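Peer 1: Can you look at this prediction? I've put the sequence above it.
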Amino acid sequence: MKKIFFSALHRPPASVTLLLVAWALALGLVSLAAANAQQPPPSTKEAATGEAARQRYDIQLKIDFDALSYTGSERVRWVNRGDRAVAVLYFHLYSNLRPNEASTSAGSRSQRTETEEPRIDITEVRSAADGTPLIYSIDDQGTRLRVNLREQVLPGKATEVVVGFKGNVPEIDPDETGLTSHIVKQVSAALRGDREIRSPRDLNFRCRGGMLLGTSYPVLAVHDGDEWARKLEPSVGDTIFNEVADYEVSIAVAPGVVVFTSAGEDEKAGSEKTMVFSAPALRDFAIIAGRNLRSEQAIVGKTTLRSIFIPEHERIGKRVLAMAEDSLRIFSSKFGQLPFKTLNIAEAPLVAGLGSNEFAGLEVIASAYYVDFDSPAVRNLPEIIREQRPSVEESLEWGVAHLVAHQWWGAAVGNNPAREPVLDEALASWSALLYFREIYGEKRTAIVLQDQLQGVYRLYRTFGGEDMDANRPSRDYRNTFQYAAVVATKGALMFVQLQRLLGEEKLLAAFRNYYRANLLEIAELDDLRGALIAEAPLEQRREVARTFNRWLASKRGDEDIAKPDQKLATSLGLPAKPNQQRGGDRNPLSAFARIGKFFWQQVTRIR
């Protein structure tokens, strides 16, 4: 938020003032019209607010579902909300981000060939005003498009460019996406501490007859003040960091391919071959497509809520809709109304290690967790997993509530997930606790808090993971196991402590104020801290600041959350040093067959 400071006006001597007044009266003063003409122009901030001044993407996309490719063109409007003229635009090409081999372990995703990763290429860049080609370059190992404008864009003014592009996605092996693969991945992360890096193929692929396009188009980099956030850095956390924009996207697909997106479909603008989706103020635009997708929907307030699933998961898809409906209703009443008219929650065959992913208006959950334990197909799962029905079902419900909360924390109110991942993750996790309290009451919520938050930290420490401060960039965390144990757990439990300190009424009031003040903007942790301090009584404000420091900037997890379970560690023969691979049985499932509820509630979590 820019702050505008005004200098005080100097008062003239009284005699001069009287003379000026007399002179003005003699001339009859100045007419109202002339006075209005002399009013100063609106500030840059005022000129660049509102729907008319937001960024805008008009995208035409043609998807060749069978060829795993697409072509597109976008007309992009960019508004200069800074204080200096700008002559260059920067776009992210998220699909081209590749992990640095030096930061990943041998045999990791960095060893895959280019054909196993998505790709986006630029075919043209021109001025939208007259079609003149613009000079552009592809920088930073193919992840950034730099466009040189013919004329500078002054503060408060806008420019429009047209970018042509094409892309392709890989076919994912179905064996990478099953529930057993997800659990083995989490067991391995707990046992070995392998480093994980998110890959673009996690968000752009085709598998099991479905396609996810999470980053299929060039997107403007964030322009913060007068600086561009140009650098993309792979990590275990979210990489997408965008400003809000208005979208209208035309998508052409072959007959029989069903499409759902971050926005609602405009029935009047569509045709048999082309569908048009539009929505204001989205931070990104994701697409789910397939020939066997089904959906159920409900209306909550002014939002159309939709659950998307394949036919064999219909019962689970309907359960997800009911849980999402409750979540949306609860969070709307507690935090404020969402600015989105459409919210979709879809299953997709995400690869092991990635249980879910959030986009504005579209939440994705791994199909592996859509387990209908009453269906004959579940008989093919190992018995050790079938016995975990309560844990898997609770994990799905927690995941739904957590993801719906991300529409407030991360989508409506943005933040930089690479620099301050704790901000949206902590709020979403605490919100999931709120959902369970409202639906099931205090007793069940206390159990869920242990299972979904405290338990994962305890298991992480039992397996030799080191305590860390939670307010670190996402690149500092080795894998999703560590990320969940430190970032999500410590952050959410900090709010539990603040709730005890301030009371729920003041805590929710602070969250509502934070939401209203930062709606459709990019917030920082200091904004949230300030909202909580402002709501606290004077005598408690210093304690609020200390609580932030204790939970986010120190290493006191064993004292505040849980200590390692040494008895369990000894019975498993775990190594004394963290992240040291254990010899003997190399089957991660049989090695823990008799651990029981404590372990399995953690490895069946959606992370």
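Peer 2: That came through, no problem. Nothing here was measured: the structure is a model prediction, and the numbers come from that model.
Peer 1: contacts, neighbours, all on C-alpha from now
Peer 2: OK.
Peer 1: element containing the closest residue to Ala129 other than its chain neighbours?
Peer 2: The shortest distance from Ala129 to any non-neighbouring residue, by CA to CA, 6 or more residues apart in numbering, is to Glu160 (7.1 Å). Using DSSP states H and E, Glu160 sits in strand 158-168.
Peer 1: Export the helix or strand just after that strand to PDB, keeping only CA atoms.
Peer 2: Under the assignment DSSP H and E, the closest C-terminal helix or strand after strand 158-168 is helix 179-192. Provided in PDB are the C-alpha atoms of helix 179-192 (Å, rounded to 0.1, in the frame of the first residue of the first chain):
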ATOM      1  CA  LEU A 179      -2.800 -43.700  -3.200                       C
ATOM      2  CA  THR A 180      -0.100 -46.300  -2.500                       C
ATOM      3  CA  SER A 181       2.400 -44.100  -4.400                       C
ATOM      4  CA  HIS A 182       1.400 -41.100  -2.400                       C
ATOM      5  CA  ILE A 183       1.800 -42.900   0.900                       C
ATOM      6  CA  VAL A 184       5.100 -44.500  -0.100                       C
ATOM      7  CA  LYS A 185       6.400 -41.000  -1.100                       C
ATOM      8  CA  GLN A 186       5.500 -39.600   2.300                       C
ATOM      9  CA  VAL A 187       7.000 -42.500   4.100                       C
ATOM     10  CA  SER A 188      10.200 -42.000   2.100                       C
ATOM     11  CA  ALA A 189      10.200 -38.300   2.900                       C
ATOM     12  CA  ALA A 190       9.800 -39.100   6.600                       C
ATOM     13  CA  LEU A 191      12.500 -41.800   6.600                       C
ATOM     14  CA  ARG A 192      15.100 -40.400   4.300                       C
END
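Peer 1: Show me what helix 179-192 is packed up against.
Peer 2: Judged by 3 or more CA pairs under 8 Å, 6 or more residues apart in numbering; DSSP states H and E, helix 179-192 is in contact with helix 480-483, helix 597-603.
Peer 1: Would you map the helices across the stretch 301-450 of the chain?
Peer 2: 314-335, 383-386, 389-405, 421-440, 442-449 (DSSP state H, counting those that start in this stretch).
Peer 1: Next, the angle from the third one to helix 421-440.
Peer 2: Yep, that's helix 389-405 we're talking about. 120 degrees (axes from the mean of the first three to the mean of the last three CA atoms, to 10 degrees).
Peer 1: Show me which residues of helix 389-405 are buried.
Peer 2: Neighbour counts over helix 389-405 (16 or more other CA atoms under 10 Å) mark 391-405 as buried.
Peer 1: Same check on the fourth one?
Peer 2: Residues of helix 421-440 classed as buried by neighbour count (16+ other CA under 10 Å): 421-437.
Peer 1: what's next to it, contact-wise?
Peer 2: 237, 326-327, 330-331, 398, 401-403, 405-406, 409-410, 415, 417, 444-445, 448-449, 470-474, 487-493, 495-496, 524-525 (CA atoms under 8 Å, 6 or more residues apart in numbering).
Peer 1: Apply 7 Å and report the result again.
Peer 2: The contact list for helix 421-440, computed with CA atoms under 7 Å, 6 or more residues apart in numbering, reads 327, 330, 398, 401-402, 405-406, 409-410, 445, 449, 470-471, 473-474, 487-488, 491-492, 495, 525.
Peer 1: Equivalent analysis for stretch 540-547, please.
Peer 2: Ile533.
Peer 1: Mean pLDDT lowest where, among the helices of the stretch 301-450 of the chain?
Peer 2: Among those, helix 383-386 has the lowest mean pLDDT, at a mean of 78.
Peer 1: separation between Ile345 and Leu403?
Peer 2: Look at Ile345 and Leu403: by CA to CA, to the nearest Å, they are 9 Å apart.
Peer 1: wait, Val249
Peer 2: Distance from Val249 to Leu403, by CA to CA: 24 Å.
Peer 1: Mind telling me which of the helices and strands packed on helix 179-192 the model trusts least?
Peer 2: helix 597-603 has the lowest average pLDDT among these, namely a mean of 58.
Peer 1: follow-up on the earlier one: overlap in contacts, Ile345 and Leu403.
Peer 2: What both Ile345 and Leu403 touch, as defined by CA under 7 Å, 6+ apart, is the set Glu363.
Peer 1: Now do the helices in the stretch 451-600 of the chain.
Peer 2: 455-462, 480-483, 489-502, 504-518, 525-535, 541-552, 557-560, 566-572, 597-603.
Peer 1: Glu114: which of those is closest?
Peer 2: Glu114 sits nearest to helix 480-483 of all the helices of the stretch 451-600 of the chain, at 24.3 Å, using CA to CA.
Peer 1: Run through who's touching the closest one.
Peer 2: Looking at what lies outside helix 480-483 - CA under 7 Å, 6+ apart - the contacts are 186, 189-190, 236, 460, 477, 607.
Peer 1: Format those as TSV; extra columns: pLDDT.
Peer 2: What follows is the contacts of helix 480-483, written out as TSV (pLDDT from 0 to 100):
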residue	pLDDT
Gln186	83
Ala189	80
Ala190	78
Val236	92
Tyr460	91
Tyr477	95
Arg607	74
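Peer 1: now those residues as JSON lines including distance to Glu505 and neighbour count?
Peer 2: Listed next are the contacts of helix 480-483 as JSON lines, based on distance: CA to CA, whole Å; neighbours: other CA atoms under 10 Å:
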{"residue": "Gln186", "distance to Glu505": "37", "neighbour count": "25"}
{"residue": "Ala189", "distance to Glu505": "39", "neighbour count": "23"}
{"residue": "Ala190", "distance to Glu505": "38", "neighbour count": "24"}
{"residue": "Val236", "distance to Glu505": "35", "neighbour count": "23"}
{"residue": "Tyr460", "distance to Glu505": "33", "neighbour count": "26"}
{"residue": "Tyr477", "distance to Glu505": "34", "neighbour count": "22"}
{"residue": "Arg607", "distance to Glu505": "30", "neighbour count": "21"}
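Peer 1: For Gln55, state which of the residues you listed is nearest.
Peer 2: Closest approach to Gln55 among the contacts of helix 480-483 (CA to CA): Val236, at 28.8 Å.
Peer 1: Test my guess that that closest one contacts Arg198.
Peer 2: Yes - using CA atoms under 7 Å, Val236 makes contact with Arg198 at a distance of 5.3 Å.
Peer 1: Quickly note the distance from Gly301 to Phe340.
Peer 2: Relative to Phe340, and taking CA to CA, Gly301 is found at 11 Å.
Peer 1: between those two, which one's more packed in?
Peer 2: The residue with more neighbours, out of Gly301 and Phe340 and counting by other CA atoms under 10 Å, is Phe340; that gives 21 against 13.
Peer 1: Now for that one: which residues touch it?
Peer 2: 303, 361 are the contacts of Phe340 under CA under 7 Å, 6+ apart.
Peer 1: try it again with 10 Å
Peer 2: 262-264, 279-282, 302-304, 360-361, 407, 411-412 (CA atoms under 10 Å, 6 or more residues apart in numbering).
Peer 1: Mind checking which of those are buried?
Peer 2: Judged by 16+ other CA under 10 Å, buried ones among the contacts of Phe340: 262-264, 279-282, 303-304, 360-361, 407, 411-412.
Peer 1: And these, which is closest to Glu124?
Peer 2: Leu282 (25.0 Å).
Peer 1: and that closest one, what does it touch?
Peer 2: For Leu282, counting by CA under 10 Å, 6+ apart, the contacting residues are 55-56, 242-247, 262-263, 339-340, 359-361, 411-412, 520.
Peer 1: Nearest residue to it in space, ignoring adjacent ones along the chain?
Peer 2: Nearest to Leu282 is Val244, by CA to CA, 6+ apart, at 5.0 Å.
Peer 1: My read is that that neighbour contacts Arg56, right?
Peer 2: Yes - at 8.8 Å, Val244 and Arg56 qualify as touching, with contact defined as CA atoms under 10 Å.
Peer 1: Good, we can wrap up now.
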